[in-house]
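> okay, here's the prediction I keep looking at, along with the sequence it came from:
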Amino acid sequence: MKSGDRDEGWITGRIYFNREDKRLIVKRRNNECSWTVNLGNKWAWALYIIVFMIVVIICIVL
């Protein structure tokens, strides 16, 4: 069993936070076509910051 498939690491069934799991993107446990980001991975926070900065820049330009 992969660490993303277990119940541990899931917060309220929607948020995945597992520092031991090195994957950045994991499949949601209840949906076959849905993915989520592992918030326990340090690169996930970098990804969120980059996306946030892009959105802010686009809002400022428009």
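Ah, there it is.
> for the chain, just list every one of the strands.
Along the chain, counting by DSSP state E, strands occupy 10-11, 15-16, 25-27, 35-37.
> need these in a markdown table with distance to Y48, can you?
In short, each C-beta sits where N, CA and C put it, glycine included. A markdown table is the format used below for these (distance: least, CB to CB, whole Å):
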| stretch | distance to Y48 |
| --- | --- |
| strand 10-11 | 16 |
| strand 15-16 | 13 |
| strand 25-27 | 13 |
| strand 35-37 | 8 |
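> so which of these comes closest to I60?
strand 35-37 (25.2 Å; CB to CB).
> any idea what the spatially most central residue of the chain is bridged to?
When CA atoms, centre = their mean is applied to the chain, the residue found nearest the centroid is V37 (1.3 Å). As for beta bridges, V37 partners with I25 under DSSP bridges.
> isn't it right up against F17?
No. Applying CB atoms under 8 Å, one finds V37 not in contact with F17, separated by 9.8 Å.
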